[in-house]
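**Q** sequence first, then the predicted structure:
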2 protein chains.
Amino acid sequence: MTEIKARQIVLASRPKGEPKPTDFRLEAFSLPPCSPGGLLLRCLYLSLDPYMRGRMDDRKSYASPVAIGAVMSGETISEVLESGHPAYAVGDIVLARTGWTTHATSDGTGLRKVDPALAPITTALGVLGMPGFTAYAGLNLIGKPKPGQTVVVAAASGPVGSLVGQLARRAGARAVGIAGGADKCRYVLEKLKFDAAVDHRAPNFAEQLQDVCPDGIDVYFENVGGAVWQAVLPLLKPFARVPVCGLIAQYSSSPTDGPDLLPATMRAILTKSLTLRGFIYYEFAEEHYPAFLKTVSKGLSDRSIVYREDITDGLENAPAAFIGMLRGENFGKVLVRLVSEV
Amino acid sequence: MTEIKARQIVLASRPKGEPKPTDFRLEAFSLPPCSPGGLLLRCLYLSLDPYMRGRMDDRKSYASPVAIGAVMSGETISEVLESGHPAYAVGDIVLARTGWTTHATSDGTGLRKVDPALAPITTALGVLGMPGFTAYAGLNLIGKPKPGQTVVVAAASGPVGSLVGQLARRAGARAVGIAGGADKCRYVLEKLKFDAAVDHRAPNFAEQLQDVCPDGIDVYFENVGGAVWQAVLPLLKPFARVPVCGLIAQYSSSPTDGPDLLPATMRAILTKSLTLRGFIYYEFAEEHYPAFLKTVSKGLSDRSIVYREDITDGLENAPAAFIGMLRGENFGKVLVRLVSEV
């Protein structure tokens, strides 16, 4: 076989606040030999997701931090180049936790086959993958919208938010999306068919949000935090549910001087009998993933569910795409295409 | 009939921060005549509860504020002096929302008969009343402790906290109480039979709490907020439940300058899949009050559940007792005895 020129991106330094390009380093590396019974993978698409920012910090979370000098963690859609594993054949497409890399070896642990006939393979990283299931689980199992209720979600043109709103509408609820800029708001209204969209960059954002939620908010799907949460808080109705899925606005921020906004949030929880519930998708995966897959893949095939991807070419451009995503510069699910011919 | 010298306490001014004696005013008033079909009540015991502090402020909450010059709202155990109401006879003991007053008239709305044979009548304001049911509902319906899990509650010698811990032990959980001072901690350990008690006034309080929760905290029953919450937060385990019942530490505080403690709480909710759920007891009353009453009155009669009252004599002393309670100076359920002969 020809020698493989494998490359990966490692964590060069822990970011202070917003990550910088120099916090990442592109490295060539020698692929270890494929062990007996193992696989050699060529990575086709890398998924970039906000949770990865947390992995760059050296503090306790639901998963361990990436070590300095280690490959950035992440999921890819990969093709099997060699296989000694009975369950996988050369040419199979798999979802794998390879990290930010062009190639990887695997003993098969944690791999999942992706059926290219079901939907485009990239959807396994987006609307049919972790982000999609996160939307489904948070909305249906924690948010529990009832017909006629108002569901609000931020980052509404992103992979999680876009499905939250579309599923809320299927449940008979009103979907209100918050997004950054006129283009995204138009997309949320026209393509995703939300009932309303509000631009969080507008100077009177809080007022606009109130205008489109005249009866208040029953479910707020939280994936932003910060100023958006402050605008949502006074609009939450008694017994409102808040699935807490992400806090992208505070991932790169340092402790702030104040004012202390905690007492007002606690007071609202108490006086309005709110439920705030943090979750990670895998809590619900075993029990609910099959139903999710059935619902959403049907929605894709009859085009009642739509999605949007924001694809960057080349592993070397992954850090810039990631930094842009944390700033909200992406428009749709962020993917990095690692090979030129797919 | 002889003329009744009725007195009541009205809200004289809205407190800035901690209430002052001058925020209240004792007034003599003429009792309106008992309407046909109505009742005349003599109030025997007034209940003082932390939620009343919220009623003194002119801001939105789950109930309307008390107007300036209006009688302070609250519940009493009262005796029926006159009755034209078919359901009540002279001499009946009732639970009534009369406010802070020695006498009241009523058309019967919202009254509940109290059976003096079941338990001492004051328990209808405490362990068998709103505080007791609050403990029961928050612990069992939101906290849901499993055998072997650790339940932490602050104000552990108070009417809510003391029952939270005792019910947690009955559920097979470990009960850890937080209280102010050595006497209360000893009571929590020796009389209430909690597994551990920690004095929140100790300089190394957070460390002591960690020591008695070596496996972390599964359920934190929140009725304090402030510094206690900050000590609890790092000890909460994944999937911990936090019934938010009260926030006495912040009722009289103004917005603070900082640091902003909200991001750390939101981050913990997210990364540890926490549930924070505010509640007011009446959400659960219709469905669960009968089971509560059965469980706890049985516990009282076989002395497996104990309670403690902190009784002040004379309506004129209610403001001082209330102010002391907000400072944590009470030791047990705070009641004001309004007549000398009961």
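**A** Thanks, I have it.

**Q** excluding chain neighbours, what is closest to whatever residue of the stretch 151-300 of chain A ends up closest to chain B?
**A** Proximity of the stretch 151-300 of chain A to chain B (CB to the nearest CB) peaks at A:Gly258, 1.7 Å away. The way it works is simple: take the backbone N, C-alpha and C, and place the C-beta from them, glycine included. Residue nearest to A:Gly258 in three dimensions, not counting chain neighbours: B:Gly258, with 1.7 Å by CB to CB, 6 or more residues apart in numbering or on different chains.

**Q** returning to that earlier point: pull the number of nearby residues for the residue of the stretch 151-300 of chain A closest to chain B.
**A** Residues within reach of A:Gly258, counting by other CB atoms under 10 Å in any protein chain shown, total 14.

**Q** secondary structure element for it?
**A** Counting by DSSP states H and E, no helix or strand carries A:Gly258.

**Q** my read: it touches B:Leu262, true?
**A** No: with contact defined as CB atoms under 8 Å, A:Gly258 does not count as touching B:Leu262 (9.9 Å).

**Q** residues near the closest residue in space to A:Gly332 that isn't next to it in sequence, how many?
**A** Excluding its sequence neighbours, the residue lying closest to A:Gly332 (CB to CB, 6+ apart) is A:Arg308, at 3.3 Å. Using other CB under 10 Å, A:Arg308 has 18 other residues around it.

**Q** for A:Arg308, give me the pLDDT.
**A** With respect to pLDDT, A:Arg308 has a value of 96.

**Q** my read: it touches A:Asn330, true?
**A** No: checked against CB under 8 Å, the pair A:Arg308 and A:Asn330 is beyond contact range at 9.7 Å.

**Q** any residue of stretch A:14-23 touching chain B?
**A** No: judged by CB under 8 Å from any CB of the partner chain, stretch A:14-23 and chain B are separated, with a smallest distance of 13.1 Å.

**Q** buried sites along that stretch?
**A** Neighbour counts over stretch A:14-23 (16 or more other CB atoms under 10 Å in any protein chain shown) mark A:15, A:19, A:23 as buried.

**Q** just stretch A:134-144 next, same as before
**A** Those would be A:134-140, A:142-143, for stretch A:134-144 by 16+ other CB under 10 Å.

**Q** so A:Asp23 makes contact with A:Val10?
**A** No: applying CB under 8 Å as the test, A:Asp23 and A:Val10 come out as separate, 10.2 Å apart.

**Q** what helices or strands is the helix ranked longest in chain A leaning on?
**A** With secondary structure taken from DSSP state H, chain A has its longest helix at helix A:282-301. Under the contact criterion of 3 or more CB pairs under 8 Å, 6 or more residues apart in numbering or on different chains; DSSP states H and E, helix A:282-301 touches helix A:130-137, helix A:159-170.

**Q** now render the ones you listed as TSV, adding distance to chain B and mean pLDDT.
**A** Compiled in TSV, the helices and strands packed on helix A:282-301 are given as follows (distance: least, CB to the nearest CB, whole Å; pLDDT from 0 to 100):
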stretch	distance to chain B	mean pLDDT
helix A:130-137	12	98
helix A:159-170	13	98
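
**Q** could you dump those into a markdown table and include distance to B:Gln230?
**A** Putting the helices and strands packed on helix A:282-301 into a markdown table (distance: least, CB to CB, whole Å) gives the following:
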| stretch | distance to B:Gln230 |
| --- | --- |
| helix A:130-137 | 29 |
| helix A:159-170 | 30 |
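
**Q** check which helix or strand the closest residue to A:Gly299 other than its chain neighbours maps to.
**A** Closest residue to A:Gly299 apart from its sequence neighbours, by CB to CB, 6+ apart: A:Ile305 at 3.2 Å. Per DSSP H and E: A:Ile305 is located in neither a helix nor a strand.

**Q** what pLDDT is listed against A:Ile305?
**A** A:Ile305 is given a pLDDT of 97.

**Q** need the contact list for it.
**A** Going by CB atoms under 8 Å, 6 or more residues apart in numbering or on different chains, A:Ile305 touches A:127, A:163, A:166, A:296, A:299.

**Q** the fourth one and A:Ser304, how far apart?
**A** Here the criterion is CB to CB, to the nearest Å. By it, A:Val296 lies 10 Å from A:Ser304.

**Q** repeat for the first one
**A** Distance of A:Val127 to A:Ser304, given as CB to CB: 12 Å.

**Q** out of the two, which sits in the busier spot?
**A** Counted by other CB under 10 Å, A:Val127 and A:Ser304 do not tie: A:Val127 has more neighbours, with 29 against 12.

**Q** what's the domain layout of chain A?
**A** Taking automatic domain parsing as the reference, chain A has its domains at A:6-126+A:309-337, A:130-278.

**Q** just send these back as CSV, with distance to B:Gly314 too.
**A** Formatted as CSV, these follow (distance: least, CB to CB, whole Å):
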stretch, distance to B:Gly314
domain A:6-126+A:309-337, 54
domain A:130-278, 32
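
**Q** what pairs with the nearest residue to A:Asp215 once chain neighbours are set aside across the strands?
**A** Excluding its sequence neighbours, the residue lying closest to A:Asp215 (CB to CB, 6+ apart) is A:Thr150, at 6.3 Å. When assigned by DSSP bridges, A:Thr150 has beta-bridge partners A:Arg174.

**Q** count of neighbours near A:Thr150?
**A** Using other CB under 10 Å, the number of residues around A:Thr150 comes to 24.

**Q** give the contact list for it.
**A** So A:Thr150 contacts A:173-174, A:176, A:213, A:215-219 (CB under 8 Å, 6+ apart).

**Q** A:Ile4 now?
**A** So A:Ile4 contacts A:31, A:103 (CB under 8 Å, 6+ apart).

**Q** and A:Ala175, by the same measure?
**A** Residues near A:Ala175 by CB under 8 Å, 6+ apart: A:151, A:153, A:164-166, A:168-169, A:194-196.

**Q** next one: A:Val219
**A** A:Val219 neighbours (CB under 8 Å, 6+ apart): A:139, A:143-145, A:149-152, A:168, A:173, A:240-243.

**Q** now A:Lys146
**A** Applying CB under 8 Å, 6+ apart, we find A:Lys146 in contact with A:171-173, A:218.

**Q** for A:Glu316, helix, strand, or coil?
**A** Here A:Glu316 is helix, with the state taken from DSSP: H, G, I helix; E, B strand; the rest coil.

**Q** test my guess that it contacts A:Glu27.
**A** No: between A:Glu316 and A:Glu27 there is no contact, the gap being 10.9 Å when judged by CB under 8 Å.

**Q** pLDDT-wise, which helix or strand of chain A ranks last?
**A** helix A:248-251 (a mean of 84; mean pLDDT, DSSP states H and E).

**Q** no further questions, thank you.
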